[in-house]
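Asker: Got a sequence here, can you model it:
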Amino acid sequence: MAIVDAHSHIYPEKISRKAVGAVGQFYATHMDAPDASAEALLATCAGSPITHHIVHSVATSPAQVETINDFVAEQCAAHDNFIGFATMHQDYENMEAEIDRAVGLGLKGVKIHPDNQRVNMDDPRLMRLYECIEGRLPIVIHTGDYRYDFSHPRRLKKILHRFPRLVVDAAHFGGWSIFDYALEYLEDENCFVDTSSALEFLGPRRTVELCRAYGIERVMFGSDFPMWSPVTELNLIESMGFSQAEFEAITWHNAERFVGEPIG
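Answerer: As a prediction, this is how the structure comes out:
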């Protein structure tokens, strides 16, 4: 049995502490990990049941795209339990060529963060990206934030209807900090959701309610490392009374279906 953390961030060691500080400042919160390097992620999970990590980072300018994709690919080559996702920026000139290059590097999907990247997720510039990867690569989209409108789940609903073969993880139960709005817009849509940066806010009862409302087959375990400890987050999921089949779906099989290949 594998256990997959479907939502982890990693950064090059030389900037990992600075990146943690920047993320903590963006969300005005304490970060569980002071260091977001690949080595720190692995050390945090050492001795735990977690076997695999979907890892990614975010480009806040077009110039960062290739460097980040190279870094994530290098880390995946060094750690066979990493599943790497590429980044993309709305102003990157030749998205199609870079997606082809990322696939050649062995990356398995794409991650974008509309709030960090200051772009509406349904902006025409990103529609180019969705068209390029529809039916080809899955995408993790940061969704929801009560402070911004860039990543509102109503925008994702429009995208899902326009690109019906796009495989999407609507991160943070479809709407970080606006979980009920997310359910209203996405409950009946064709997308995955993940549990990252949600459990502490929702509590066990509401988490289980949301899992069942979306459907267990759509929910993936994710930690949002370095914001939260993957081990602590997994322990919370384990304590919620899911059946073994439900637990394996949330922590393993749904991630396999999302990525589109066996894991473990």
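
Asker: which residues touch the closest residue to residue 137 other than its chain neighbours?
Answerer: Nearest-residue entry for residue 137: residue 109, 5.0 Å, with adjacent residues in sequence omitted and distances by C-beta to C-beta, 6 or more residues apart in numbering. Heads up, the C-betas are built off the backbone N, CA and C, glycines and all. Residue 109 makes contacts with 54, 85-86, 137-140, 259, as judged by C-beta atoms under 8 Å, 6 or more residues apart in numbering.

Asker: what's the answer for residue 194, then?
Answerer: Counted by C-beta under 8 Å, 6+ apart, residue 194 has contacts 6-7, 140, 169-173, 219-222.

Asker: Just the endpoints, please. Distance across stretch 114-128?
Answerer: End-to-end distance for stretch 114-128: 15 Å, by C-alpha to C-alpha, to the nearest Å.

Asker: now what about it, what contacts it?
Answerer: 26, 58-60, 89-91, 95, 112, 141-143, 145, 148-151, 155-156, 158-159, 162.

Asker: what separates residue 132 from residue 139, distance-wise?
Answerer: Separation of residue 132 from residue 139 (C-beta to C-beta, to the nearest Å) stands at 10 Å.

Asker: More neighbours: which of the two?
Answerer: The residue with more neighbours, out of residue 132 and residue 139, is residue 139; 25 against 17, by other C-beta atoms under 10 Å.

Asker: From residue 97, how far off is the more buried one?
Answerer: 18 Å.

Asker: Check residue 55 too.
Answerer: To residue 97, residue 55 is 23 Å away according to C-beta to C-beta.

Asker: the more surrounded of the two?
Answerer: residue 55 (25 against 11).

Asker: and the helix or strand that contains the more buried one, which strands flank it?
Answerer: Remark: residue 55 resides in strand 52-56, with elements defined by DSSP states H and E. Applying DSSP bridges, strand 52-56 is found paired with strand 4-9 (parallel), strand 82-87 (parallel).

Asker: can you tell me the average pLDDT over the first one?
Answerer: Along strand 4-9, the predicted local confidence has a mean pLDDT of 98.

Asker: Where do the helices of the stretch 151-264 of the chain begin and end?
Answerer: For the stretch 151-264 of the chain, helices defined by DSSP state H, counting those that start in this stretch occupy the ranges 153-162, 179-186, 199-214, 230-238, 244-248, 254-259.

Asker: which one of these is the most hemmed in?
Answerer: helix 254-259 (a mean of 22; mean count of other C-beta atoms under 10 Å).

Asker: Check which helices and strands that one sits against.
Answerer: strand 4-9, strand 52-56, strand 219-220 (3 or more C-beta pairs under 8 Å, 6 or more residues apart in numbering; DSSP states H and E).

Asker: Grab the CA positions of it and hand them over as CSV.
Answerer: In CSV, the C-alpha atoms belonging to helix 254-259 read as follows (Å, rounded to 0.1, in the frame of the first residue of the first chain):
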residue,chain,number,x,y,z
ASN,A,254,-7.5,8.7,-6.1
ALA,A,255,-4.0,10.2,-6.5
GLU,A,256,-3.3,7.4,-9.0
ARG,A,257,-6.4,8.2,-11.0
PHE,A,258,-5.5,11.9,-10.8
VAL,A,259,-2.0,11.4,-12.1
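
Asker: Run through who's touching that helix.
Answerer: So helix 254-259 is contacted by 4, 6, 52, 54, 83, 108-109, 138, 167, 169, 192, 217-221, 262-263 (C-beta under 8 Å, 6+ apart).
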